[in-house]
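what shape does this take:
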Amino acid sequence: MRRVVAMALGAALACVTTGQAAQAQGGWLRRDARLDLAAYAGGSYGTDWFTLRSPAGADQPYRPGYGPIFGVAATWWATPHLGLRGHAAYVASDLPDASSDVIRNGSFGSNQYLYDLALSYRPWIARASAPDWLASTYLFAGGGGSTTSVAGAEECARPYPAAVCLSTRASDATVGAGVVGAGMDMYPMSRTVTLFGEGAVHAYSAPVRVDEAAGARRHLAFTPRVVGGVRVALGGRRAPVRPAVKPPFEPPHPVPVDTAPPPRLTPEPPMRDVRVCIVHAGTLAVVPARVNAAGDTLLADGRSLADAYPPGGEYASGRAWFVSGTALARDGVRYEKLGLPRVLGADELRPAWVEDGVPVFVPAGGGAAEVVYLPTRPGCEFQPYQRRDVALKVRG
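Now for the predicted structure:
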């Protein structure tokens, strides 16, 4: 049994030790798949299931101890951050032993099955400044069950005294279980296949019946595990990636001297007066400006429009949640992106609320808004968002 455990742990640690080589593959972990399928192998350890009192009056704890574990998991990602995970695992172990046993229970092997449904969360998948290993890190927590299967014709497995009964019927050896854990991708094998490492702890009531009057006590048991395996990503959708590094500055090439006579100067065309729609202090405003011959828009005080009202201030175009297509939520109503940005007049909209520093506008007519608008850049360009229930009716 110990040799099998060592081999399973070796398979898990092989994924972890290749993590440093993956640093040269910059950006490969920034995929955002709709579905992840995974298979793994590793090692586990079962804590105390029950305690018996010896004839000498000392308490003897009985535990399964070390055992190899093999499992599969599937995660459906509803958003780049949040997903639903289904998991099942098989643990091959001995029947619980006491450390003082002269003859081990290795000949009375048991099969333990762990299964659960959990929520998975990737807190750093959309953070451009996070390193690749951190961007792929996921956390999960959920609940399910544990079933222990022991061979035997009798109702209770032996060699335990009558004070303890480990049922040979799987239905009587099934208990509820909870699980928490974390994992990360370690090394890319292709664009969709990666090696990963994972650690978790399963908690459950020991699947035994005890006679407390005879000095037996049942425990809350834990099975921690460390595993490694292969993950396959399906469904093409990509999360925001780290911005590309600009190339180093190159000195300009020498310009040959032109000995030809200077060209005749032509007078510059006059500047053109315009009125520009902008977002300022959460409201829409129209400011007078002038456009010069180079196409630059200047305000009356000589400042450029981009300097006076930078696009990243009260505009959504620079927000990570806008780039990734995250829906808006307001008073229990979800709004999803609708089509491409469009230009509207300043008198057609009124402010409704502020989302992460970006004002959200609704039609000026009043009433319940089926479509809301987020400003994306100066010039009254807005991205519409439609209420989810309205979008479903249109699609249906």
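
so which elements touch the host helix or strand of Ile69?
Using DSSP states H and E, Ile69 maps to strand 65-77. If contacts are counted by 3 or more C-beta pairs under 8 Å, 6 or more residues apart in numbering; DSSP states H and E, strand 65-77 sits against helix 2-17, strand 35-46, strand 82-94, strand 109-121, strand 220-234. Where C-beta positions appear, they are placed from N, C-alpha and C, glycine not excepted.

which parts of the second one are buried?
Pointing back at strand 35-46 there. Judged by neighbour count (16 or more other C-beta atoms under 10 Å), strand 35-46 contains these buried residues: 36, 38, 40-46.

from those residues, which is closest to Thr283?
Nearest to Thr283 among the buried residues of strand 35-46 is Asp36, at 44.5 Å by C-beta to C-beta.

separation between the residue nearest to the closest one when sequence neighbours are not counted and Ala118?
Leaving aside its chain neighbours, Asp36 sits nearest to Thr75 (4.3 Å; criterion: C-beta to C-beta, 6 or more residues apart in numbering). Thr75 is 9 Å from Ala118, where distance means C-beta to C-beta, to the nearest Å.

find the residues that touch each one of those two.
84-85 (C-beta atoms under 8 Å, 6 or more residues apart in numbering).

circling back: which two among the buried residues of strand 35-46 are spaced furthest apart?
For those, and using C-beta to C-beta, no pair is farther apart than Asp36 and Gly46, which are 27.6 Å apart.

just give me the closest of the buried residues of strand 35-46 to Thr137.
Comparing the buried residues of strand 35-46 against Thr137 with C-beta to C-beta places Asp36 closest, at 13.5 Å.

who does the closest one bridge with?
For Asp36, the beta-bridge partners under DSSP bridges are Thr75, Ala233.

my guess is it contacts Ala74. True?
Yes - assessed by C-beta atoms under 8 Å, Asp36 is found in contact with Ala74 at 6.9 Å.

domain parsing for this structure?
Following automatic domain parsing, the chain resolves into domains at 2-234, 272-391.

for Arg264, find the nearest of the ones you listed.
Arg264 lies closest to domain 272-391 among the domains of the chain, at 16.9 Å (C-beta to C-beta).

quick check: Tyr138 vs Pro288, distance?
For Tyr138 relative to Pro288 (C-beta to C-beta), the value is 53 Å.

likewise for Asp347?
Note on Asp347: its distance to Pro288, by C-beta to C-beta, is 17 Å.

ok, back up a step: settle it for me: which of Tyr138 and Pro288 has more neighbours?
Comparing Tyr138 with Pro288 by other C-beta atoms under 10 Å, the one with more neighbours is Tyr138, at 23 against 10.

verify the stated contact: the more buried one with Gly181.
No - the pair Tyr138 / Gly181 is not scored as a contact, 9.1 Å apart, by C-beta under 8 Å.

spit out the contact partners of Gly46.
Gly46 neighbours (C-beta under 8 Å, 6+ apart): 63-65, 67, 91, 93, 96, 112, 221-223.

next one: the spatially most central residue of the chain, what pLDDT does it get?
Nearest residue to the geometric centre of the chain (C-alpha atoms, centre = their mean): Arg122, 2.1 Å. Looking at Arg122, its pLDDT reads 92.

nearest residue to it in space, please, no chain neighbours.
Nearest residue to Arg122 in three dimensions, chain neighbours excluded: Tyr138, at 4.8 Å (C-beta to C-beta, 6+ apart).

how many residues are close by Ala153?
Counted with other C-beta under 10 Å, Ala153 comes out at 5.

from Ser149, how far out is the residue nearest to it when sequence neighbours are not counted?
Ranked by C-beta to C-beta, 6+ apart and with sequence neighbours excluded, the top spatial neighbour of Ala153 is Thr168, at 7.6 Å. Applying C-beta to C-beta, the value for Thr168 to Ser149 is 8 Å.

okay, those two: which has more neighbours?
Thr168 (18 against 14).

give the buried residues for stretch 320-335.
By 16+ other C-beta under 10 Å, the buried positions in stretch 320-335 come out as 321-322, 324, 326, 328, 335.

for Pro378, give me phi and psi.
Main-chain dihedrals, Pro378, degrees, to the nearest 10: phi -60, psi 150.
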